[in-house]
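Peer 1: Let's see this in three dimensions:
(2 chains)
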Amino acid sequence: PPEPEPEPTLPFDFHRFLGQLRHRTADPVARFLRSFISEFGKKQWMVHEQVKIISDFLEFISTKMAQCEVWRTVSEAEFDNAREGMEKLVMNRLYSQTFSPAIPSAPGSPRKSGKSGRSQADAANPFGPGRRGQHQEDVERDEVIAQKMRIYGWISEEHLDIKPIEEKGRKFMGLAQQELLKINTYRAPRDKVICVLNCCKVIFGFLKNAKADQSADAFVPLLIYTVLRARPEHLVSNVQYIWRFRNQDKLGGEAGYYLSSLMGVVTFIENLDRTNLTISDEEFERHVEQAVSAIAEKNKEQDYEERLSPRRNVSQRLSEKAQPSALSDDDDDDTDAVTGLLRTIQKPLSSIGRIFSDDAAAHSNSLRLAQPTQRSQQRQTEDAAARQASAEAAEAQRVRAREHQVVVETLQSMFPNLDKDVIEDVTRAQEGNVGRAVDACLALS
Amino acid sequence: MASRPQQGGRPSGTRFAQFKLVLLGESAVGKSSLVLRFVKDQFDDYRESTIGAAFLTQTIALDDQTTVKFEIWDTAGQERYKSLAPMYYRNANCAVVVYDITQAASLDKAKSWVKELQRQANENIIIALAGNKLDLAESDPSKRAIEKADAEAYAREAGLLFFETSAKTSENVKELFTAIAKKLPIEQASQRGGMRSAAGGRPGGVDLGNRQAGGQTTAGAAGGCNC
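Peer 2: Predicted structure coming up:
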C-alpha cells in the first residue's frame, strides 16, 4: 500500500522543548549542554571538525535526553520535537562561530589591499582568532555571487525563457522572494531550511495557479529568477551552513530536493554569462555595461568618502605609483574603472570578488558581532542556557507575529476572492508556514 | 533509570528500502510525464501532489516481503541548466535517462548524460535508458527516428537497463521502474536503514559543490561534453 508523504503530525514547538529542558529531571542535559557550549568556544575548529563535533554532541545528548524522566515516555513525535529543539538551541548559541559571515574576519587579513593576488584565507595568521579556511572561502564566494547578482540584476523572464509573468504571478514571485530573504533573519539551520522550502513551495504554487507544467524544466528557471530578484545576502554561506549543520536525516526528501536546487542555482549564477541566457550580444553588452557603470559610480562615491581619511591617501598614492600612466583626470578614472570592470567579468570569479573587496570589507564590518564566548563562559547560573533560549524564543515569537500580518496581507492580495478572516484562519492553522498556507488558499480559491 | 524504548522496526521478515532516483534527459522527451505515469498509475486514488512533478515519491512492492520506495528527482532538461545536474545526481542510487525515439538527436544527448553519470555519479549507480514516445512510433512507424535494436545495442554495451516506453499509454513504464528496483541493493539498504546509508552518508559532504576540494564534482561536469 502507498505510504502517504508524512506530514509532521506535530508542528515544531521550540517553547515546549524549552519548558521540558527546564524540568528538574533534565538538569543533567542542561549541564552537558552548558559545558559543551563553553568548551566549543575555547578553541577554533576547522569546519569539518565543527561538523563532526556538533553532530556527535547532538547524537550524544539525544541518548542522555532519552534517559530523562521528562522525555522518557513521550511519543516518538514529541521526542523528535525535543531533538529538533536541541539542534536549534545549540546552533543558535554557536551561530557566531559556525555561520561564516558571523565569524569576525581574521585580524591582519589584507582586506584593504584587496587586489593582492593571494587568498585572504592563506594570508591570515593561521593560528590567530578569526575567520579562516572554508569559512573564509564561503565569505569570498558570497561576495563574488553578490557582485554577479548586482551585474545581472536586469535579467528578466525572457532571458531565461520564462513565460511573461502576469500581475497575480508577480505577487506570488514577490512572496517567494520575501520568503527566501528571511533566511538571514534566522539562525537555526532548521529555520533557514524552512525559508528555502517556503520559497520553493510558493514557486510551485505559482505554477499550479497558472496551470503550468510543474516539472524541473519550469521550476529551475523560476528559482533562478527569484534568487536574482531577491539577491539574498550571504547566499553561499547560508547554503553551506544548512548543509553542514542541519540534521542529515532531515535533509532528505523534499527539503533536500529544494536545497540541492538552490545549490545548483548558486553554481549557475556563479558561472553566469551570455551563453546561459536568451539574449543578443548587443543587448547583453548594453545591460552589463550599464550595470557595471552603476556599480563603478557607487564605488567611486565610497572611494571619495574614504579619501578623506589619511590612511586612504597612502593607498591612493601607492596605486598611482603602480600605474604611472594613469591620468588623474576624473573622467578618465571613470572610464578606466569601467573598462577594468568589464575586463574582469571575463576573468575567473575570484578576481571579480577581489576588485570589490573594499566595498565588501565595509560591509563585513557591520556583521562583526560582539563575541559572546567570553561572557557565556562566565555565566554560571544553573538555568542560564534555558533562560537565554527563552529570550530568543520570545523574540522569535514577536518576529512571527509581525510575519503573520505580512503573510496575511500578501495572501489577501494574491487571493482577493477569499475572505480576510478565512486567510487569517488558514495562516494561523498553518502556523504561518507560507508554503502550506499558499497550498491551502489554492485549494479554497 | 531505563531509557526510552527503541522505536519502530517493521514486522520481521519484511524488507523496506528507499532509493534516490534522478531523472535526466532533454526537455520535451517526456521525462516528467513518464514519472507522472509511473506515480499516478500505481493507484487510482492518487491525489495530485501539492509540490508539482519535480519531486515525487512512489512505492512499489516487489513481492510480499519487499517494498521499495523511490524518491524521484527531476532535473531541468534545457542545455543551459546542465551545470546544475551534479547537485541532483549526487548520491543517487539510480538514474533514468530518457530520450525520444522520434528525435534522433535526443539519444546523443542521453548518451552524454550516461557518460557523465558513469564518470561523476555514485560508483554503483544503476542506470536505465528509456526511449519514450513509443506510442507515436506504433501509430505511425515513419515517425521512428531511432531503431530499437541500435539503442538496445548501445545500452548493452554501456551496461544499462533498456526499455522503450510510452508515458501516454503507460506501456513498459511500470516494467522500467520494477527492473530498476530489482537491481538495487535492497538487502544492504534495508539493513543499514535505507537510502542515506546506501548512498554513503552526508549528502554532498561538507563542501558545497566541491569547488575547492579537488574540483571534480562540478568542475568536471561543467567542463564536460557539450556536443
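
Peer 1: near chain B at all, whichever strand or helix holds A:Leu207?
Peer 2: Secondary-structure element containing A:Leu207, defined by DSSP states H and E: helix A:189-209. Yes: for helix A:189-209 and chain B, the contact criterion (C-beta under 8 Å from any C-beta of the partner chain) is met by A:201, A:204, A:207-208. All C-beta atoms are positioned from the backbone trio N, CA, C, and that covers glycine.

Peer 1: What is that helix packed up against?
Peer 2: helix A:76-98, helix A:167-181, helix A:216-230, helix A:235-245, helix A:253-270, helix A:434-444 (3 or more C-beta pairs under 8 Å, 6 or more residues apart in numbering or on different chains; DSSP states H and E).

Peer 1: what's near enough to touch B:Asn172?
Peer 2: Contact partners of B:Asn172, counting by C-beta atoms under 8 Å, 6 or more residues apart in numbering or on different chains, are B:134, B:163-166.

Peer 1: And B:Val22, which helix or strand is it part of?
Peer 2: Here B:Val22 is assigned to strand B:15-24, by DSSP H and E.

Peer 1: Show the model's pLDDT score for residue 111.
Peer 2: Defaulting to chain A. We have a pLDDT of 49 for A:Arg111.

Peer 1: Please refer instead to chain B.
Peer 2: In this model, B:Lys111 carries a pLDDT of 97.

Peer 1: One more: B:Asn210?
Peer 2: On the pLDDT scale, B:Asn210 gets 36.

Peer 1: sorry, back to before: with respect to chain A, which of the contacts of B:Asn172 is nearest?
Peer 2: Ranked by distance to chain A (C-beta to the nearest C-beta), the contacts of B:Asn172 are led by B:Thr165 at 16.7 Å.

Peer 1: Regarding the closest residue to the closest one other than its chain neighbours, what are the backbone dihedral angles?
Peer 2: Spatial nearest neighbour of B:Thr165, chain neighbours left out: B:Asn172 (4.5 Å); criterion: C-beta to C-beta, 6 or more residues apart in numbering or on different chains. When read as degrees, to the nearest 10, the backbone of B:Asn172 gives phi 70, psi 0.

Peer 1: Check B:Asn172 and give its pLDDT.
Peer 2: Looking at B:Asn172, the pLDDT reads 96.

Peer 1: From B:Glu138, how far off is it?
Peer 2: B:Asn172 sits 12 Å away from B:Glu138 when distances are taken as C-beta to C-beta, to the nearest Å.

Peer 1: picking up where we left off before, now the helix holding A:Leu207: mean pLDDT?
Peer 2: Mean pLDDT, computed over helix A:189-209, is 92.

Peer 1: Pull the contacting residues for A:Cys200.
Peer 2: A:176, A:219, A:223, A:258, A:261, A:435.

Peer 1: any idea which of the residues you listed is the one closest to A:Glu289?
Peer 2: A:Leu223 (27.3 Å; C-beta to C-beta).

Peer 1: Nearest to B:Ala153 among the helices and strands packed on helix A:189-209 would be which one?
Peer 2: So among these, helix A:216-230 is nearest, using C-beta to C-beta, at 29.7 Å.

Peer 1: now what about the closest one, what contacts it?
Peer 2: By C-beta under 8 Å, 6+ apart, helix A:216-230 touches A:149, A:152-153, A:155, A:157, A:160-162, A:173, A:176-178, A:180-181, A:199-200, A:203-204, A:206-207, A:212, A:235, A:261-262, A:264-265, A:268-269, B:27, B:32, B:52, B:54, B:74-78, B:81, B:84.

Peer 1: do stretch A:54-65 as well
Peer 2: Counting by C-beta under 8 Å, 6+ apart, A:26, A:28-29, A:32-33, A:36, A:40, A:71, A:79, A:82-83, A:86-87, A:90-91, A:94, A:98, A:245, A:247-248, B:3 sit against stretch A:54-65.

Peer 1: change it to 10 Å
Peer 2: A:17, A:20-21, A:26, A:28-29, A:31-33, A:36-37, A:39-40, A:45, A:71-72, A:79-80, A:82-83, A:85-87, A:90-91, A:94, A:98, A:244-248, B:3-4, B:202 (C-beta atoms under 10 Å, 6 or more residues apart in numbering or on different chains).

Peer 1: List only buried entries from those.
Peer 2: Buried members of the contacts of stretch A:54-65, scored by 16 or more other C-beta atoms under 10 Å in any protein chain shown, are A:17, A:20-21, A:26, A:29, A:33, A:36-37, A:40, A:71-72, A:79-80, A:82-83, A:85-87, A:90-91, A:94, A:98, A:244-248, B:4.

Peer 1: Out of the residues of helix A:189-209 next to chain B, who's the most crowded?
Peer 2: A:Phe204 (27 neighbours; other C-beta atoms under 10 Å in any protein chain shown).

Peer 1: I'd say B:Thr14 and B:Ile186 touch.
Peer 2: No: assessed by C-beta atoms under 10 Å, B:Thr14 is found out of contact with B:Ile186, at 11.2 Å.

Peer 1: more crowded one of the two?
Peer 2: A side-by-side neighbour count of B:Thr14 and B:Ile186, using other C-beta under 10 Å, places B:Ile186 first with 20 against 11.

Peer 1: For the more buried one, give me phi and psi.
Peer 2: phi -60, psi -40.

Peer 1: how close does it get to B:Val173?
Peer 2: 21 Å.

Peer 1: And for B:Gly25?
Peer 2: 15 Å.

Peer 1: got it, and B:Lys143?
Peer 2: Taking C-beta to C-beta, one finds B:Lys143 at 20 Å from B:Val173.

Peer 1: swap in A:Arg34?
Peer 2: Taken as C-beta to C-beta, the span from A:Arg34 to B:Val173 is 56 Å.

Peer 1: neighbour count winner among the two?
Peer 2: Counted by other C-beta under 10 Å, A:Arg34 and B:Val173 do not tie: B:Val173 has more neighbours, with 25 against 21.

Peer 1: Under the pLDDT cut-off, which ranges of chain B? List them.
Peer 2: Chain B contains residues with pLDDT under 70 at B:1-2, B:5-12, B:41-52, B:191-227.

Peer 1: residue boundaries of the helices in it?
Peer 2: B:31-41, B:85-89, B:104-120, B:134-139, B:148-158, B:173-183, B:186-191, B:195-199, B:221-222 (DSSP state H).

Peer 1: Show me what the residue positioned nearest the centre of chain B is bridged to.
Peer 2: Centroid check for chain B by C-alpha atoms, centre = their mean gives B:Ala95 as the closest residue, at 2.9 Å. Listed beta-bridge partners, B:Ala95: B:Val22, B:Ile127 (assigned using DSSP bridges).
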